[in-house]
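Enquirer: Below are the sequence and a predicted model for it; my questions follow.
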Amino acid sequence: MPIRSFFSGQAFEPETIRSMSIALERVCEEVGLRPGNDAATEFVATKIIELAKRGVRGPDQLVKMTLQDLQSN
């Protein structure tokens, strides 16, 4: 699922968008979510976008850090 639908006027490089989209799909799969336009997917997407804004770029790193963040909440 493309993550673009969760951007709030934010701009990212195409490769970063690709990495975030991959991470969103993988995190949703890992936690048993069906990616869609719902609150749970938006929550995961927001976490991934926050990490990307802080400079995390690789999909593996985005997945790992998002899952860690979700587990701590």
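Expert: Done, it's in.

Enquirer: use CA for all of it now, contacts and neighbours both
Expert: Will do.

Enquirer: residue contacts, the residue most central in space within the chain?
Expert: Nearest to the mean C-alpha position of the chain, by Cα atoms, centre = their mean, lies Ile48 at 3.2 Å. Neighbour list for Ile48: 20, 23-24, 62-63, 66 [criterion: Cα atoms under 8 Å, 6 or more residues apart in numbering].

Enquirer: Same question for Gly58.
Expert: Contacts of Gly58 by Cα under 8 Å, 6+ apart are 16, 19.

Enquirer: Distance check, it against Glu15.
Expert: 9 Å (Cα to Cα, to the nearest Å).

Enquirer: Which helix runs longest in this protein?
Expert: Of all the segments of type helix in the chain, defined by DSSP state H, the longest one is helix 14-31.

Enquirer: Just the residues contacting that helix, thanks.
Expert: With Cα under 8 Å, 6+ apart as the criterion, helix 14-31 contacts 1-4, 34-35, 41, 44-45, 48-49, 52, 57-60, 62-63, 66-67.

Enquirer: What subset of those is buried?
Expert: Using 16 or more other Cα atoms under 10 Å as the burial test, those include 1-4, 35, 41, 44-45, 48-49, 52, 57-59, 62-63, 66-67 as buried.

Enquirer: Just the residues you listed: which are in helices?
Expert: Within the buried ones among the contacts of helix 14-31, residues falling in helices by DSSP H are 41, 44-45, 48-49, 52, 59, 62-63, 66-67.

Enquirer: hang on, Lys47 packs against Leu67?
Expert: No - counting by Cα atoms under 8 Å, Leu67 is not a contact partner of Lys47; they are 9.4 Å apart.

Enquirer: List the residues that contact Leu62.
Expert: For Leu62, the contacting residues are 20, 23, 48, 51-52, 56, by Cα under 8 Å, 6+ apart.

Enquirer: one more time with 10 Å
Expert: The contact partners of Leu62, by Cα atoms under 10 Å, 6 or more residues apart in numbering, come to 19-20, 22-24, 26-27, 47-52, 56, 68.

Enquirer: Which member of those residues is positioned nearest Gln10?
Expert: Gln10 has its nearest neighbour among the contacts of Leu62 in Ile49, at 9.3 Å by Cα to Cα.
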